[in-house]
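return a 3D structure for these sequence lines:
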Amino acid sequence: MNTLLSATQGFVGRQTRVSLGMYVFLVLLLCNLLWKWWIRRRDNPKGFPFPPGPKRLPVVGNMFDFARENESAAYLGMAQKYGDLVFLSALGVNVLIVNDFQTANELFEKRSANYSDRHESPMINDLMGWHWSFGHMRYGERWKNHRKMFHRQFQQSVAPIHRPVQLRSAHELLRLIQEEPQDLINHLRHNAASVIMGVVYGIDVSPKDDRYISVAEIALDGMARAANPGAFMVDIIPSLKYVPSWMPGAGFQSKARFWRNAVMEMRDAPFKKVLKSLSSGTAKQCFVTNLVTDLEHKENKDEEMEQIRNCAGLAYAAGAESSVSSLSSFFLAMLLYPDVLRKAREELDRVIGRGRLPDFTDRDTLPYITAIAKETLRTILHDPGNFPDPMRFNPERFMNKPDGQQFSPNDPLSTAFGYGRRICPGRFVAEGQLWITVASILAAFDINPGRDRNGNTVKPEAKFSSGMICHPLPFGYSITPRDEIAKKLIEQTLLIDA
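Numbers count the residues shown, from 1 in each chain. So this is what the prediction gives:
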């Protein structure tokens, strides 16, 4: 009897929690809809029409039209059906999808004063703890102060200061690939982390199982998952962020807490290590040490120190995954277009010979290598009106035109790094890192398709993952040093970088 009574009480308790959770959800949903309706009436009192888009359902709007996978293909399909501007709305959250280079440039570059603000995501900013990142801040004085500090250390005139770190990391990547060619993607991740951690914190990272890298990957994976529109209901109904994690349907709270721990460790752990090294006199010159040293002459030291910590933490978040995506896409392109690799090799051998590896002083004399780096970034754009045959990897589109003019009207670097006041302030360092890595790899390695169990060549397919930053799906490959000369050059980098 007591057992039956306990079971009944437990069942009633669970039912009560479910009923309470559903009641709270419905009340919050109603309040959210009324609030969003009032905001829309206030901001658009004359009822001007929105751009075209999929038909909205009652109450939920376009909730089921947001792409959960293959986002680029889904939104491209919408653009072909509705036009270059596609409007989606779900439970009061409005999203405008821009599918045209000229339109994006007109809005975000020429009218950046109107479009520099950023929507705050309750999931990312509040629950996952990215509120400190100026990439997620609203436009205002706090954002301006952070960006100004970041820009000062990474602007075009300062970028060459970081080249020694970038060159050493490129050489280390060559050695890692030669030792374990089967572990390419992990080597690329280490390379991206090595550059950023060296430039920002003066910290050397381990090639395998590095704590800084593993924690950052957890944090960035969470952000990538949460950044997709409609991924979490709390971004549509912000008041859900106050719902406790034990309530039914509040599993997002547990996920956010897990990711938040990684986010804060990613920001704080390396920063604390640099401060400790500064105190002991063992710190290497880097982004953090340069700024912290300057604090001796500042009055608002606490505020400035917080900005330094935030800007340093954002550097890894902003650059790591995009670097891995670019370089893995480059390797895939070399497998699919061997003629490009052959032409690049011919240029390298003709200009610098076989006696050394390329460095930054060769950049102006290697236009085809530069074109390959640009084309790697260009692949984000598929508009045939601007880039004929957009699905083909074609560096020649960035070489001299018949009239002798460089291709420049639609340089893809602006799109790859953003627009207007929100353009990536670290783009000059990132572009340089891509160039030296591409040049070094092409000078040192043969890149060929992999083989199956029967020894037959397997041509890879150009398929990519979904998400905020897309990566090529796993592909087969064979990477080997070009010859004995290349092997010796790779081995000599240990002495050069010592």
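
when you work out contacts or count neighbours from here on, use the C-alpha atoms and nothing else.
Will do.

quick one: name whatever helix or strand follows the strand or helix carrying Ala216.
Counting by DSSP states H and E, the secondary-structure element that holds Ala216 is helix 211-227. The first helix or strand that comes after helix 211-227 along the chain, using DSSP H and E, is helix 251-280.

specify the residue ranges that define each domain of the protein.
Following the TED database, one gets these domains for the chain: 25-99, 141-497.

hey, least reliable of those domains by pLDDT?
The minimum mean pLDDT among the domains of the chain belongs to domain 25-99 (a mean of 80).

what about it, distance to the chain center?
25 Å (C-alpha atoms, centre = their mean, to the nearest Å).

over to stretch 338-358?
Once both centres are worked out by C-alpha atoms, centre = their mean, stretch 338-358 turns out to sit 30 Å from its chain's centre.

now stretch 260-275
If you compare the mean C-alpha spot of stretch 260-275 with that of the full chain, they lie 19 Å apart, counting by C-alpha atoms, centre = their mean.

could you do stretch 171-178 as well?
Relative to the centre of its chain, stretch 171-178 is centred 23 Å away, using C-alpha atoms, centre = their mean.

can you tell me what sits against it?
Under the criterion C-alpha atoms under 8 Å, 6 or more residues apart in numbering, residues 183-184, 187-188, 191, 440-441, 444, 479-481, 490-491, 493 lie in contact with stretch 171-178.

hmm, back to that, just name the most buried of the domains of the chain.
Looking across those with neighbours counted as mean count of other C-alpha atoms under 10 Å, the highest average goes to domain 141-497: a mean of 18.

ok, which pair from the contacts of stretch 171-178 is furthest apart?
Asp183 and Thr493 (20.3 Å; C-alpha to C-alpha).

got the contact list for Ile441?
Taking C-alpha under 8 Å, 6+ apart as the definition, contacts of Ile441 comprise Leu174.

element containing it, please.
In this structure, Ile441 sits in helix 427-444 according to DSSP H and E.

what's the answer for Thr282, then?
For Thr282, there is no helix or strand it lies in under DSSP H and E.

do the same with the one 3 residues further on
Element membership for Gln285, per DSSP H and E: none, as it lies in no helix or strand.

show the contacting residues for it.
For Gln285, the contacting residues are Gly202, taking C-alpha under 8 Å, 6+ apart as the criterion.

which element follows the helix holding Ile441 toward the C-terminus?
Secondary structure here is assigned by DSSP H and E; on that basis, the next helix or strand after helix 427-444 toward the C-terminus is strand 445-448.

partner strands of that following strand, parallel or antiparallel?
For strand 445-448, the pairing partners within the sheet under DSSP bridges are strand 478-481 (antiparallel).

could you export stretch 171-179 as CSV, CA atoms only?
Coordinates of the C-alpha atoms in stretch 171-179 are reproduced here as CSV (Å, rounded to 0.1, in the frame of the first residue of the first chain):
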residue,chain,number,x,y,z
HIS,A,171,57.1,25.5,-40.8
GLU,A,172,55.8,23.5,-37.8
LEU,A,173,52.8,22.4,-39.9
LEU,A,174,55.1,21.1,-42.6
ARG,A,175,56.9,19.0,-40.0
LEU,A,176,53.7,17.6,-38.5
ILE,A,177,52.3,16.7,-41.9
GLN,A,178,55.5,14.9,-42.9
GLU,A,179,55.5,12.9,-39.6
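
can you give me the pLDDT of Glu109?
The confidence metric pLDDT takes the value 86 at Glu109.

so who does Ser465 touch?
By C-alpha under 8 Å, 6+ apart, Ser465 lies in contact with Asn70, His471, Pro472, Leu473.

Ala192 versus the spatially most central residue of the chain, what's the distance?
For the chain, the residue sitting closest to the mean C-alpha position, by C-alpha atoms, centre = their mean, is Ser322 at 4.1 Å. The spacing between Ser322 and Ala192, counted by C-alpha to C-alpha, to the nearest Å, is 9 Å.

what does Val86 give?
In this structure, Val86 lies at 35 Å from Ala192, with C-alpha to C-alpha as the measure.
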